[in-house]
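S.K.: Sequence first, predicted model second:
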Amino acid sequence: MENIIKVMSVSNVFDNVHYEIPIYQRNYAWEEVQIEQLIEDIHSAENDYFLGNLIVNQKDNDVYEVIDGQQRLTTIYLLEKYLGLAFLKDALRFEAREKSNRTLRFISDGASNDMQEELLSTEIINGYQMIENYFIKENIDKSAFKKKLDQVKLIRVQVPPNIDLNHYFEIMNTRGEQLELHEIAKAKLLSVLTTAQDKRTAAFIWEICANMNSYVQMNADVTNREKLFTKDWSSLNDSVNKFDDIKTILPDENEEVEKSKTLLDILEKPEYKEIKTEQDEPENERFESTVTFPNFILQVNTVLQKKVDEDASLDDKNFLDNISWAWSNEKQAKDFLYHLLKCRVLFDKYVLKREFVRDYKETGRWSLQRLEKYTDKHGAKPKYVGTFGGDDAQKNKQIRTLQACLRITYTSPKTMHWIPLLLATLLEDETSDILTTLEDYCNEKVQESNFTNASGFRIERIVFSYLDYLLYRDGYSYKDNKIISPLQEDWQFSFRTSIEHFNPQNPVAGATWESSDLDSFGNLALVTVSGNSKFSNLPPAGKVNSYPSIVHQSLKLIIMKEMMYINQGVWDVEISEIHKDDMYQILQG
């Protein structure tokens with residue numbers, strides 16, 4: 001056994017050694033800015049410069065499993081191959097990723113063989129091309145750069161023998177990117193799978209689910225997308241009911257593909273760096289998910305564990321403990337991974353997103369859409385249509401607005417219980433009436449808040465938000481004046497957290513109300529923090545006239561404004577009490 005810590009020059013890091021990237025590690029993912037920074041760090045190095053740590057686990061004589069630092073190590077491998085440095089064959093390899101290994105061999109051979117692009121890793125080839133482009137662009141002398149590699153050091157840290165690697169992942173903290181909790185979970189899940197194909201299938205599921213800001217269908221390559229999803233791409237195929245069904249769909253890594261343009265042709269063209277993958281398609285930047293991937297994992301776990309309304313189940317402080325059952329054996333790991341994908345498809349189809357497009361490219365707008373395939377002269381493309389379309393277009397708007405009500409109310413991921421509730425309902429029956437399910441959930445939360453006995457800042461936000469939804473849904477009239485029309489076309493929830501006193505607590509002029517009247521539900525509305533600040537201590541008429549866009553944030557506030565106008569422009573205690581009683585009646589149904 002060699003020394004636990006070894007300082008070595010970058011030029012010698014691959015001498016007489018084999019490094020293996022385990023399957024639970026992420027694919028190679030460094031992009032131009034990271035690659036160029038590494039080159040620049042080396043190029044500008046003076047004397048002994050330490051590039052970082054490489055954490056390894058010794059598996060055999062001169063064979064090391066890379067625990068941390070694989071992105072940097074892979075980039076160094078590509079860099080040294082570009083510089084023409086010779087070292088041991090298979091000095092770097094990926095566990096159960098033949099495409100990546102094939103690509104490394106292709107580069108080691110000097111791209112001299114006639115290899116088809118589909119058989120190789122785009123990410124690794126892109127990395128190699130970025131290195132070449134940067135050397136050309138900056139006119140870097142390759143011979144002088146090779147000498148720099150002797151001055152630049154890596155610290156290879158070998159974990160002690162028989163250490164619990166899963167535990168080590170949780171506590172290590174190096175200069176490189178530390179594994180996040182969901183990556184640890186991935187490692188644990190894959191560790192209980194027995195075959196390479198099972199591990200590849202699990203990694204595939206994990207990777208297409210991980211990017212929450214694009215629809216899961218678009219995270220899969222075209223070939224697997226056509227096999228995995230229905231003809232219109234909108235749902236999983238009926239034949240996909242368990243993990244092993246997905247495994248049979250994915251092609252073997254050594255499977256022959258039709259001949260197309262060779263990678264040698266591409267590498268010889270400088271414009272290769274401009275070629276975009278599907279992940280660069282415009283729609284990948286069009287949407288923003290309601291939750292992050294780790295939050296989504298906890299939601300799926302909550303569904304499977306039937307703990308839909310428990311805060312602890314969605315608390316990321318308990319992330320690994322909450323889902324540890326999933327890697328207790330292979331069967332449960334497969335079941336969890338299958339449901340991760342199944343729930344992700346349902347999530348994209350039935351849970352609202354923030355969409356940035358056209359007039360709302362900067363500010364975003366709530367969106368409830370499903371992905372469908374359409375075909376034009378350029379081939380198959382995605383399109384996004386209302387999840388409930390056609391005759392159900394009004395229903396789509398209503399569900400979208402109700403979900404937005406919940407989204408802006410329960411902003412902490414550990415309180416977003418409505419999402420696993422929705423997923424559990426859809427898993428049981430995708431034709432379920434989710435509108436009623438969510439309305440019942442909101443109504444239950446409103447009644448539990450005991451809002452009629454609360455006042456001021458003690459009134460829970462769900463009371464204001466759900467009231468606005470009900471006003472949006474049903475409309476409201478006062479003294480035969482239709483103030484709010486059903487399903488307002490141009491109104492959407494904004495992120496509001498601040499309780500506003502329409503008649504101010506400290507008015508700049510006029511009499512001050514009694515605190516009980518000030519804090520009455522009839523005198524309150526929910527607005528954004530900045531809106532509350534702008535309103536300040538202005539009187540009601542001043543707020544309405546000076547900041548109409550803030551008034552528009554709340555349908556309740558719009559009603560208060562209109563009632564004031566009908567009352568000869570006066571907002572007083574009497575009209576506030578009438579408004580309170582009317583709103584209570586709506587909330588109590």
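M.R.: All right, it came through fine.
S.K.: show me the contacts for His579.
M.R.: Each residue near His579 by C-beta atoms under 8 Å, 6 or more residues apart in numbering is listed here: 522, 559-560, 563. Backbone N, C-alpha and C define where each C-beta goes, glycine included.
S.K.: Which ones among the residues you listed map onto helices?
M.R.: 559-560, 563 (DSSP state H).
S.K.: out of these, who has the most neighbours?
M.R.: Neighbour tally across these (other C-beta atoms under 10 Å): the maximum, 26 neighbours, falls on Met560.
S.K.: Kindly confirm my reading that Asp41 is in a helix.
M.R.: Yes. Assessed with DSSP: H, G, I helix; E, B strand; the rest coil, Asp41 lies in a helix.
S.K.: which residues of the stretch 451-589 of the chain score low on pLDDT?
M.R.: Within the stretch 451-589 of the chain, the set of residues satisfying pLDDT under 70 is empty.
S.K.: what about the helices in the stretch 301-450 of the chain?
M.R.: 319-323, 330-350, 393-409, 418-428, 434-448 (DSSP state H, counting those that start in this stretch).
S.K.: wait, which of the ones you listed is closest to Leu250?
M.R.: Checking the helices of the stretch 301-450 of the chain against Leu250 by C-beta to C-beta gives helix 330-350 as the closest, at 12.1 Å.
S.K.: Put the alpha carbons of that closest one into CSV.
M.R.: Output of helix 330-350 as CSV, limited to C-alpha atoms (Å, rounded to 0.1, in the frame of the first residue of the first chain):
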residue,chain,number,x,y,z
GLU,A,330,-31.9,-4.1,-5.2
LYS,A,331,-35.6,-4.5,-5.6
GLN,A,332,-36.4,-1.3,-3.7
ALA,A,333,-33.7,0.6,-5.5
LYS,A,334,-35.2,-0.4,-8.9
ASP,A,335,-38.7,0.5,-7.7
PHE,A,336,-37.6,3.9,-6.5
LEU,A,337,-35.8,4.7,-9.7
TYR,A,338,-38.8,3.6,-11.9
HIS,A,339,-41.1,5.8,-9.8
LEU,A,340,-38.6,8.7,-10.0
LEU,A,341,-39.1,8.7,-13.8
LYS,A,342,-42.8,8.0,-13.7
CYS,A,343,-43.4,10.9,-11.2
ARG,A,344,-41.2,13.2,-13.3
VAL,A,345,-43.3,12.7,-16.3
LEU,A,346,-46.4,13.4,-14.3
PHE,A,347,-44.7,16.4,-12.7
ASP,A,348,-43.9,18.0,-16.0
LYS,A,349,-47.4,17.4,-17.3
TYR,A,350,-49.5,18.5,-14.3
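S.K.: Mind giving me the packing neighbours of that helix?
M.R.: Using 3 or more C-beta pairs under 8 Å, 6 or more residues apart in numbering; DSSP states H and E, the elements in contact with helix 330-350 are helix 181-191, helix 196-210, helix 216-219, helix 243-249, helix 293-305, strand 369-376, helix 418-428.
S.K.: Which elements pack onto the second one?
M.R.: So the one you mean is helix 196-210. Judged by 3+ C-beta pairs under 8 Å, 6+ apart, helix 196-210 is in contact with helix 181-191, helix 216-219, helix 243-249, helix 293-305, helix 330-350.
S.K.: The shortest one - what's its average pLDDT?
M.R.: Computed over helix 216-219, the mean pLDDT rounds to 95.
S.K.: Show me the residue at the heart of this structure, geometrically.
M.R.: In the chain, the centroid-proximal residue (C-alpha atoms, centre = their mean) is Met212; its distance is 3.2 Å.
S.K.: Nearest to Glu32 among the helices and strands packed on helix 196-210 would be which one?
M.R.: helix 216-219 (21.3 Å).
S.K.: can you give me the offset of that closest one from its chain's centre?
M.R.: 12 Å (C-alpha atoms, centre = their mean, to the nearest Å).
S.K.: which ones are touching Thr497?
M.R.: By C-beta under 8 Å, 6+ apart, the contact set of Thr497 is 411, 461, 526, 528-529.
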